[in-house]
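K.L.:
structure here, sequence nowhere to be found:
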Ligand SMILES: NC(=O)c1ccc[n+]([C@@H]2O[C@H](COP(=O)([O-])OP(=O)(O)OC[C@H]3O[C@@H](n4cnc5c(N)ncnc54)[C@H](O)[C@@H]3O)[C@@H](O)[C@H]2O)c1
């Protein structure tokens with residue numbers, strides 16, 4: 001098992017990574033829980049596949065549990081569903097010193113963390129992320145929340161988990177599309193982390209796609225180490241943590257226009273990363289060579305989503321409701337070279353031109369595939 005510590009002013013916990021995490025969950029949680037009773041908020045699909053192993057592990061450690069299932073998909077990450085979970089928590093008489101386990105991908109992690117943050121003004125919670133995206137990114141760092149009709153993640157709280165258990169063997173049952181979705185966040189991390197990470201990821205791309213668990217565990221650990229360092233430097237996203245939004249301005253707009261859940265978050269991020277790479281060249285902030293390397297990395301991991309069916313004007317409009325909009329200007333996080341980035345306001349006219357050029361290139365690319 002690989003153990004990565006996460007420290008920040010409001011947190012001090014470990015991320016345990018490896019292929020037998022679920023078997024060890026009872027032992028890990030047993031030493032941390034204030035009372036041996038938990039509410040498991042679980043993605044229904046992940047629970048059908050792997051819940052029995054978790055239950056065995058908890059029972060073996062004398063931990064009792066109640067299970068609340070969440071229908072798979074972004075559609076569940078909303079205010080109404082969070083309310084239902086809160087009512088269910090109260091109905092099950094979950095007490096202040098008991099805890100929540102989030103068992104699933106980023107959707108369940110975000111909504112369960114949110115519920116943990118507000119139920120009785122806050123109860124402990126633990127993350128057992130079951131998708132690649134949630135293992136490399138969303139389970140660490142304490143950002144939780146739900147979507148509003150006006151946009152993604154518009155209501156939320158910062159709540160740090162007490163521990164994260166990332167069992168990389170669970171990823172074997174992920175669909176190819178969900179695996180690739182996580183790989184987009186892996187590419188984002190490598191670009192932000194720097195040269196060595198980009199080179200390592202390119203080298204490991206075949207093994208990753210082939211599902212090599214040892215390589216996947218190392219890749220997850222690399223990403224968690226980077227995220228932990230960013231969270232440590234900036235717990236509340238007042239500075240460096242903003243970099244993690246690389247590719248996300250366009251991604252969130254795509255998800256909104258397509259309808260939440262229609263395009264997996266990570267594939268929207270892959271499109272956002274391609275767009276950001278091109279925009280940074282257009283603004284003279286990065287070299288063609290660096291942009292080409294980012295696109296190569298995305299290609300090597302099969303990350304070439306298309307926007308062909310989307311209403312591009314609606315996408316541009318949707319970017320305006322992004323949390324990164326300040327005084328009406330859309331601010332983009334752009335990578336300038338491996339490991340370096342900047343945040344810059346971009347004029348609406350230039351965004352429109354770039355989006356049209358991006359779409360034209362997208363159409364050509366998909367014709368030749
Ligand atoms: N809090 C953060 O810092 C942060 C960061 C990035 C993304 N996010 C959020 O994460 C969400 C996306 O997360 P996601 O990509 O994990 O999606 P997800 O939670 O919707 O899971 C994707 C799909 O995988 C299925 N699944 C989960 N585990 C499985 C397994 N082991 N085997 C088979 N199927 C499995 C689920 O049922 C679902 O259909 C978005 O809502 C995004 O906003 C949050």
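P.N.:
Here it is on my side, so go on. Just so you know, these numbers come straight off a predicted model, no measurement behind them.
K.L.:
helices or strands up against whichever strand or helix holds residue 38?
P.N.:
Following DSSP states H and E, one finds residue 38 within strand 37-43. Strand 37-43 is packed against helix 44-60, strand 64-70, strand 99-104, helix 106-118, with contacts defined by 3 or more C-beta pairs under 8 Å, 6 or more residues apart in numbering; DSSP states H and E. Heads up, the C-betas are built off the backbone N, CA and C, glycines and all.
K.L.:
ok, and what's touching the next helix-or-strand element following the last one?
P.N.:
If I follow you right, that is helix 106-118. Using DSSP H and E, the helix or strand that follows helix 106-118 towards the C-terminus is strand 124-129. Here strand 124-129 makes contact (C-beta atoms under 8 Å, 6 or more residues apart in numbering) with 21-22, 25, 29, 32-34, 38, 54, 98-106, 109, 112-113, 116, 134-135, 138-140, 159, 161-167.
K.L.:
how about strand 124-129, does it reach the ligand?
P.N.:
No: against the ligand, strand 124-129 shows no contacts by C-beta under 6 Å from any ligand atom, the least distance being 7.3 Å.
K.L.:
what sits up against the helix or strand sitting right after that strand along the chain?
P.N.:
Later in the chain than strand 124-129, the nearest helix or strand by DSSP H and E is helix 132-133. Here helix 132-133 makes contact (C-beta under 8 Å, 6+ apart) with 105-106, 171, 174, 178-179, 181-186, 216, 220, 265-266.
K.L.:
ok, residue 9 - how many residues close by?
P.N.:
Applying other C-beta atoms under 10 Å, we find 9 other residues in the vicinity of residue 9.
K.L.:
ugh, typo on my part, it should be residue 203
P.N.:
As a burial measure, residue 203 scores 12 neighbours (other C-beta under 10 Å).
K.L.:
just to revisit the earlier point, deepest of the helices and strands packed on strand 37-43, which one?
P.N.:
strand 99-104 (a mean of 29; mean count of other C-beta atoms under 10 Å).
K.L.:
that strand pairs with which strands?
P.N.:
Paired with strand 99-104 in the same sheet, following DSSP bridges, are strand 37-43 (parallel), strand 124-129 (parallel).
K.L.:
what angle separates that strand from strand 64-70?
P.N.:
Strand 99-104 and strand 64-70 are oriented at 40 degrees to each other (axes from the mean of the first three to the mean of the last three C-alpha atoms, to 10 degrees).
K.L.:
right, is strand 99-104 up against the ligand?
P.N.:
Yes: with C-beta under 6 Å from any ligand atom as the criterion, the ligand is reached by strand 99-104 at residue 104.
K.L.:
reformat the strands paired with strand 99-104 as a markdown table; add distance to residue 14, mean pLDDT and mean neighbour count.
P.N.:
Below are these laid out as a markdown table (distance: least, C-beta to C-beta, whole Å; pLDDT from 0 to 100; neighbours: other C-beta atoms under 10 Å):
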| stretch | distance to residue 14 | mean pLDDT | mean neighbour count |
| --- | --- | --- | --- |
| strand 37-43 | 18 | 98 | 24 |
| strand 124-129 | 11 | 98 | 28 |
